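Undergrad: coordinates for the following, if possible.
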Amino acid sequence: TPIGFAFAADSQKLAAWLVAAQDACGGDIGHELSAERLAADIRAVAIDVQQMATEAGLGSHAAVPSLQAACAHWLGERMRKDEQCSDWAARPLSAEQMRYAATDSSMCLRVLQAMEADSGESRSHIRDW
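TA: Next comes the predicted model:
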């Protein structure tokens, strides 16, 4: 199950990448894929931690909660976001960017586990890692 925070844009990027990969393989990996349809299918099965945080009451009427706010609320930790606005299109990624991406991903999973522990309900079926 895909797990993300504000996953809609990521699902579009992932779908576009999968369609491009299929095209690069000559279309031999199954039926013809539409990026829009694939993105919708990904969103349908994904767990969006931001949406769960909003449903749990974090955020305001005008704004959805950030991962940083969710970390502070459920983990009591401050998350550094120094690399968030760096140039992610540049290759190779810097060591700082890779560390940021790994931390961002792991925090999302930790917040989800804390939210599930609070609610007593597991939507992700993830194990302790």
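Undergrad: who are the packing partners of whichever strand or helix holds M115?
TA: Per DSSP states H and E: M115 is located in helix 95-119. Here helix 95-119 touches strand 3-4, helix 49-55, helix 67-75, going by 3 or more CB pairs under 8 Å, 6 or more residues apart in numbering; DSSP states H and E. Placement of C-beta: from N, CA and C, glycine included.
Undergrad: what's the next secondary structure element after the shortest one?
TA: Once the chain leaves strand 3-4, the next helix or strand it forms, by DSSP H and E, is helix 7-24.
Undergrad: and the helix or strand bottoming out on mean pLDDT in the chain, which residues are buried?
TA: Ranked by mean pLDDT, DSSP states H and E, the weakest helix or strand in the chain is helix 7-24, scoring a mean of 87. Residues F7, D10, S11, Q12, L14, A15, L18, V19, Q22 are the ones in helix 7-24 that count as buried (16 or more other CB atoms under 10 Å).
Undergrad: now these in TSV, with distance to M79?
TA: Formatted as TSV, the buried residues of helix 7-24 follow (distance: CB to CB, whole Å):
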residue	distance to M79
F7	18
D10	18
S11	22
Q12	24
L14	23
A15	27
L18	29
V19	32
Q22	35
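Undergrad: looking at those residues, which is nearest C71?
TA: Within those, proximity to C71 (CB to CB) peaks at F7, which comes in at 16.9 Å.
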